[in-house]
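1. make a model of this:
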Amino acid sequence: MAVNIYGDEWDESVGRDRPGWQWKRLPVGRLLGAEQIGASLYELAPGQKTYPYHWQVLEEEWLIVIRGEPTLRDPSGERKLAPGDCAVFKRGPEGAHLVRNDTGEPVRILMLSANNIFSPAHGRLLATPKAFSSAISSRFTSSGSQRRQAR
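-> Okay, the predicted model is just below:
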């Protein structure tokens, strides 16, 4: 299967309609059958944001600008991005970020991650159960078994 990130086919069941946080989303990774990395295409209308300021807990997250000029807020401040720009958000608070559309045109971004985030605004971990258990299992089980074998 192939997914066209320049097309206009959206999964209406996964968009968001909350004022200030309205977007369309296409779950690219899920549609392609990806198992380890999530990929979501977002289209933000003017004046909208993706999510509250947050960071990833277990894995990095990538942003690739497909169309428009989103504003990126991160620990270094705010800056406008352009089509083709990429940014990586490392694990933990140093990778905190928020993306918003301050322009008069729609903005389209592709986000790559494992869907494990911490939101300071919510004060909690927001993780998909499958992703969280898989990450915890692979990080601790394999390292634990390696330690046992080394003894």
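
2. which pLDDT value goes with the most centrally placed residue in the chain?
-> Central residue of the chain (C-alpha atoms, centre = their mean): Met111, 4.5 Å from the mean position. Met111 carries a pLDDT value of 94.

3. kindly report the same for Arg30.
-> Looking at Arg30, its pLDDT is 89.

4. buried residues in stretch 8-27, which are they?
-> 10, 23-27 (16 or more other C-beta atoms under 10 Å). All C-beta spots, glycine's among them, are computed from the backbone N, C-alpha and C.

5. which residues touch it?
-> Outside stretch 8-27, the residues within contact range by C-beta atoms under 8 Å, 6 or more residues apart in numbering are 3, 5, 38-45, 47-51.

6. restricted to buried residues, select those residues in PyMOL.
-> With 16+ other C-beta under 10 Å as the criterion, this PyMOL line picks the buried residues out of the contacts of stretch 8-27:
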select buried, resi 38+39+40+41+42+43+44+48+49+50+51
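
7. returning to that earlier point: tell me which of the buried residues of stretch 8-27 fall in strands.
-> 23-26 (DSSP state E).

8. tell me which helix or strand in this protein has the weakest average pLDDT.
-> One helix or strand of the chain scores below all others by mean pLDDT, DSSP states H and E: helix 142-150, with a mean of 40.

9. quick one: the strands in this structure?
-> Counting by DSSP E, one finds strands in the chain at the ranges 23-26, 38-44, 55-56, 61-67, 71-74, 77-80, 86-89, 98-100, 107-113, 116-119, 124-127.

10. centre of the chain to the first one, how far?
-> Between the centre of strand 23-26 and the centre of its chain there are 12 Å (C-alpha atoms, centre = their mean, to the nearest Å).

11. roughly how far does Ala82 sit from Pro52?
-> Ala82 sits 24 Å away from Pro52, going by C-beta to C-beta, to the nearest Å.

12. show me which residues of stretch 85-105 are buried.
-> 87, 89, 95-101.

13. could you work out the most separated pair of those?
-> Distances among the buried residues of stretch 85-105 were taken as C-beta to C-beta; the most separated pair is Gly95 and Asn101, at 20.9 Å.
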